[in-house]
Each structure stands twice: as C-alpha cells, then as structure tokens.
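> can't give you the sequence, but here's the structure:
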C-alpha cells in the first residue's frame, strides 16, 4: 500500500493486534444485534457507551503508563469490545429465555443456514467491498507522503461520524422492515422507510453543516500541531464528501430495506458497482487529478449504487 517508512512499523503493530482480536469484534456485534432483533435496543446502547468509555480509559492506560504505542490502542479496542459482549451475553441469557440453546435446536439446520448465508453473505461482502475500495484510496494517499496521510486520516475520522449515524439508522430500519416483511405488512414497510429517510437525511444535513464548520477543530482533535499542508488535504476531502451525505443516507436506507426483504442479489450488484467506481475513480484518475480522485471516489460510488437500488426498491413495493 506504499505506506511511508516512518509509520509502516506502527501500522503493522496495529493491524496485527486488531486481526488477532477479530473474534472479539464478531462476538460483540453478534450479541448486540441479537438483542436489537428482539426489540431491546437499550441494552446494546448502554454497553456501547460502556465500551467507548472503557476504550478511552484503556487507551490512556496502555499508551501513557505502559508505553505500548499504537499496539496499546488496538488492545484497548479489542478488550473493551470483548468485555461489552460478555456482559451483553449475560443479560441476554438472563432476560431472554427464548434464546437458551437446547439440543433440539441443532436439528435440521440446513435450511436455516442457507437462509442466513443468502441474507448475510451480501451484507458481509458489502462491508468487504467498502474496505477494498478504501484500501485503493489509502494506497493513493500513501504515495503522496506523510502530510497527505495525516490530513486524510483526520478527515476520515470526522467522516466516520456521519457513517456511524447512517449505520445506526440502518440497524433500526433493518429490524423494522424484516419484522413487517415477515408479517406481510407492506404498507407499514412503506411508512417506516419514508420516516427513516426523513430522519436520516435530517441527521445527515446536521452532520454536513457541523463537519464543514468545525473541520479545523476536528483535525486538531487528532493532530497536536497540524501544518497548512495537512489542513489542505483534510479540508479538500471534507468539502467534497460532506455535501454528498444525503446520497449516503439514501443508499443506507434503501439497501438495508431491500436486504431485509430477503433480496440479496440487488445489494450484491450494488456492492460491485461501488467497488468498480471506487477503484476506477481512485486508481484510474489519480494520475490526472491526484488527491482529488480520492475525494470524489466515495460520492461516485454512492451515486452508482443508488442508481440501481432505488428503482429495485420501488419495483418490489409495487409487487407487494
């Protein structure tokens, strides 16, 4: 990925620990989503807050007194997720007896495994596609030097705020649509999707305005002494990407709704469109427009995916 030599060792240390702790991340997400699917959205929220606070505490503990560097930050993330998942599991077993496993639950799993793979594989591939596209973007940024890496990384941290907001709305509409799809209530699906779109786009507007107004203080949160060159890279990325958050909101709501109605083909195709457009914009245009290609890659990918998913959603609802 053309990582500059002066930071490649730290990047390796962080990746090694994070990959080592993948099981804890899977455990954490699995338990949290099981509780949400049962209608308990408060318990995952409480443990998410607990995990975040614990992560901050462990960051300070491992980095300052223990002098573990970026590897300490990775260990802090993994341990906080594992402990939150463990406590969530205890709550799950106590409050939801329906989830207690019995021997007969393991009989005739073939059909259920097939259904889970049919629904889950496109969702997992979707996240993989995003990461592959981001790897291509990061490779181009790395080739521009340490200042570009610092500016892009700080901007990406701010950008993730909007992504997390949209992911939260995706979780809400996923459970809602899946429950009503199972009950055959297409009218409630329409109403829920419409309401989710209004809420999501309102939040995205707030995120866009807030990030653009506070883009310099945000960078200062992650870098102690940003240079003008670093500000140039961070400002450019945020100024281009933030106005397109409304497209990200459309993509989040429509893709999740389609997946929750057991249509995995359209989201899979949309993922491929995203991947192609991210790589084409980043790698194909980087030689001509440089860092700008990184800035426009995500908006182009979102637009391409929406051009497929929105017509598919309305076609499915007309059939319903």
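Nice, I can see it. Predicted, not measured: the structure shown is a model, and the values here were computed from it.
> now residue 237. Nearest residue, chain neighbours left out?
Distance criterion CB to CB, 6 or more residues apart in numbering; nearest residue to residue 237, sequence neighbours excluded, is residue 155 at 4.1 Å. Glycine gets a C-beta too; all of them are placed from N, C-alpha and C.
> that neighbour and residue 246: what is the separation?
As judged by CB to CB, to the nearest Å, residue 155 and residue 246 stand 19 Å apart.
> what about the residue nearest to residue 237, how many neighbours?
When neighbours are counted by other CB atoms under 10 Å, residue 155 registers 29.
> mind checking pLDDT for it?
For residue 155, the model assigns a pLDDT of 90.
> buried sites along the lengthiest helix in the chain?
Criterion DSSP state H: the longest helix present in the chain is helix 146-182. Buried residues in helix 146-182, counted by 16 or more other CB atoms under 10 Å: 147-156, 158-159, 162-163, 165-166, 168-181.
> hmm, the residue nearest to residue 237 is touching residue 219, no?
Yes - at 7.3 Å, residue 155 and residue 219 qualify as touching, with contact defined as CB atoms under 8 Å.
> quick check: angle from the host helix or strand of residue 292 to helix 146-182?
Assigned by DSSP states H and E, residue 292 belongs to helix 291-319. Per axes from the mean of the first three to the mean of the last three CA atoms, to 10 degrees, the angle that helix 291-319 makes with helix 146-182 is 0 degrees.
> state the mean pLDDT of helix 291-319.
Helix 291-319 comes out with an average pLDDT of 94.
> what of stretch 264-273?
The average pLDDT for stretch 264-273 rounds to 88.
> what's that stretch in contact with?
118-119, 121-123, 125-126, 129, 251, 255, 258-259, 301, 304-305, 307-309, 312 (CB atoms under 8 Å, 6 or more residues apart in numbering).
> what do you get for stretch 35-49?
Stretch 35-49 is contacted by residues 32-33, 84-85, 87-88, 91-92, 95-96, 99, 171-172, 175, 178 when judged by CB under 8 Å, 6+ apart.
> just the buried residues from those, in ChimeraX please.
A single ChimeraX command selects the buried members of the contacts of stretch 35-49 (16+ other CB under 10 Å):
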select :32,84,85,87,88,91,92,171,172,175,178
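> wait, which of the contacts of stretch 35-49 is closest to residue 7?
Closest approach between the contacts of stretch 35-49 and residue 7, by CB to CB: residue 84, at 29.5 Å.
> just the element for the closest one, please.
Going by DSSP H and E, residue 84 is part of helix 69-95.
> which SSE is immediately downstream of that helix?
Downstream of helix 69-95, the next assigned helix or strand under DSSP H and E is helix 110-142.
> find the nearest non-adjacent residue to residue 62, please.
Once flanking residues are discounted, residue 62 sits nearest to residue 72: 2.9 Å by CB to CB, 6+ apart.
> tell me the confidence at residue 277?
pLDDT, residue 277: 90.
> so for the helix or strand harbouring it, what gets flagged as buried?
Under the criterion of DSSP H and E, residue 277 resides in helix 265-279. By 16+ other CB under 10 Å, the buried positions in helix 265-279 come out as 266, 267, 268, 270, 271, 273, 274, 275, 277, 278, 279.
> C-terminal to it, what's the next element?
Sequence-wise, the next helix or strand downstream of helix 265-279 (DSSP H and E) is helix 285-289.
> chain center to that following helix: distance?
Counting by CA atoms, centre = their mean, to the nearest Å, helix 285-289 is centred 27 Å from the centre of its parent chain.
> ok, now stretch 26-40?
16 Å.
> make TSV out of the buried residues of helix 265-279 and add distance to residue 27.
Below are the buried residues of helix 265-279 laid out as TSV (distance: CB to CB, whole Å):
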residue	distance to residue 27
266	30
267	25
268	26
270	29
271	25
273	32
274	28
275	28
277	33
278	30
279	32
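> can you tell me which of those is nearest residue 291?
The nearest member of these to residue 291, counting by CB to CB, is residue 278 at 15.0 Å.
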